[in-house]
Each structure stands twice: as C-alpha cells, then as structure tokens.
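**Student:** Below: sequence and its predicted model.
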Amino acid sequence: MPTLYHSPNSRSSTIVALIEEMDIADRVDIVTVDIRRRDGSGAPDPRNPHPEKKVPYLTIGDDHVRERGAIVTVLTDMFADAGLGRPVGDPQRGAFLGWLFYYQGVMEPVLVHSWAGLDHPALRETFRDLDAVLTRLAEALDGQPYLLGTEYSAVDLLLSSPFQWMPDTLPDVPVVRAWVERCAARPAVRSVTDRERALL
C-alpha cells in the first residue's frame, strides 16, 4: 500500500486533498509527521523517511517519491479510474504533465520570489514573474472553467493551491480568481482545509 508522509497545514495538504478527491483514502496510508516550520516551530521527525525530513513524501515499497508534481503523477496513474489524471495514451497527457512541471519549475519559484521580495533580471529571465504566470493561467482559462477544459483535474488542484493558502498573492485577474474560487469550493479541498485550519 502506498504511504504518504504528511504534516497538516503544509504543502502535503494538497496531496491529502487529492487522495480525498480521488476517493482512495482506504488505499493510501497517511502517516502524520512533524516538520520544521518557517516560524521556527516543529522539528524534523525521525519517522519521516524523506532525506531532508520534508513533506509530502510518498513511499510504495522500495520506491520513494518526492515533489508534489511527481506524487500527483504517480497517484493519478496508479488510480487512473478516479479520473483526476491523464494516463499514458490520453490525448491530454502532455498538457497534464506540462502543467505539473510548470508548477514545480516556474510557478512555485515565482511565487516564493514574489513573497520574499526577491527580484533580479536572472530570476525574471529564468522563471518569469508573477504577471507572466497570471497571464499564462488567464490565457489557459479563457473560455473554459479548468486548465484542461471542462473537467476538473489534479492540475487544477495543485496550481490553485498556493492562492488558497496565500490569497494576497492573487491580484484581481477575474478569470483566475473565479477559477481559484471554483477549485477551493471542491468538497475535498474544503474538508481538508477546514479540518487542518482547526488544528492551528
């Protein structure tokens, strides 16, 4: 059975929401671990097999998977019947993977740089800036409710997640704001968010 190492109110909350959205909670073991937080609280948990004691971390036997985009790919491939991914052979497989890699390689670095107040021509040239990311999302959402069309998928869950946790990072781009609100209103996302915020 796959095992997800998770800490509430962290990046791994997105993966817990994915598991609930896919209705596979009975097929994935979730182990809650402590992590070191930005505010200095918490500590590395010796039960966490991640080499840096971060979350999320997925183990499947001897195979270990880090990074949310990779974990999303593995879970949606393993449980393809849930319909949140795009399996090999699907005509949207490339677009699905492209968005997951865009999140990891462009969007999250840009959001962290923006949040931290970091700016440099090399950063903008390599990763783009927040305006470019929002433009890309707005273009993709023009005329359709979700990034891959009319159906919600795991890419919507992942890419909308930072705006749900840090709503001040989302300028008033109506089509993007409406998409974030649609994604945040999903029952699985609301359930995980409410449950974990109650722990704060």
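**Tutor:** Done, it's in.

**Student:** going forward, measure contacts between C-alpha atoms and count neighbours the same way
**Tutor:** Will do.

**Student:** What about the closest residue in space to Pro56 that isn't next to it in sequence, how many residues nearby?
**Tutor:** Distances taken as Cα to Cα, 6 or more residues apart in numbering place Ser12 nearest to Pro56, at 4.4 Å, with adjacent residues excluded. By other Cα atoms under 10 Å, the residues close to Ser12 number 20.

**Student:** Ramachandran coordinates for Ser12?
**Tutor:** Per-residue torsions, Ser12: phi -70, psi -10 (degrees, to the nearest 10).

**Student:** for the one 4 residues further on, same thing?
**Tutor:** Dihedral pair for Val16: phi -60, psi -40, per degrees, to the nearest 10.

**Student:** and the nearest residue to it once chain neighbours are set aside, how far is that from Val33?
**Tutor:** What sits nearest to Val16 in space, not counting adjacent residues and going by Cα to Cα, 6+ apart, is Val192, at 7.3 Å. Distance, Val192 to Val33, using Cα to Cα, to the nearest Å: 16 Å.

**Student:** and what of Pro44?
**Tutor:** According to Cα to Cα, Pro44 and Val33 sit 8 Å apart.

**Student:** my guess is Asp45 meets Thr32, correct?
**Tutor:** No. Using Cα atoms under 8 Å, Asp45 makes no contact with Thr32, being 9.7 Å away.

**Student:** need the helices for the protein, in chain order.
**Tutor:** All helices of the chain, identified by DSSP state H, fall at 13-21, 68-78, 93-102, 108-116, 121-127, 130-141, 154-165, 174-184, 187-197.

**Student:** Tell me how the chain divides into domains.
**Tutor:** Split into domains by automatic domain parsing, the chain comes to 3-84, 93-189.

**Student:** Can I get the ones you listed in a markdown table including distance to Arg197 and mean pLDDT?
**Tutor:** Shown next, in a markdown table, are the domains of the chain (distance: least, Cα to Cα, whole Å; pLDDT from 0 to 100):
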| stretch | distance to Arg197 | mean pLDDT |
| --- | --- | --- |
| domain 3-84 | 7 | 96 |
| domain 93-189 | 11 | 92 |
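
**Student:** And these: which comes nearest Ala198?
**Tutor:** domain 3-84 (9.9 Å; Cα to Cα).

**Student:** So what's the gap between that closest one and the chain middle?
**Tutor:** Centre-to-centre, domain 3-84 and its host chain are 11 Å apart (Cα atoms, centre = their mean, to the nearest Å).

**Student:** Can you give me the neighbour number for Met1?
**Tutor:** 10.
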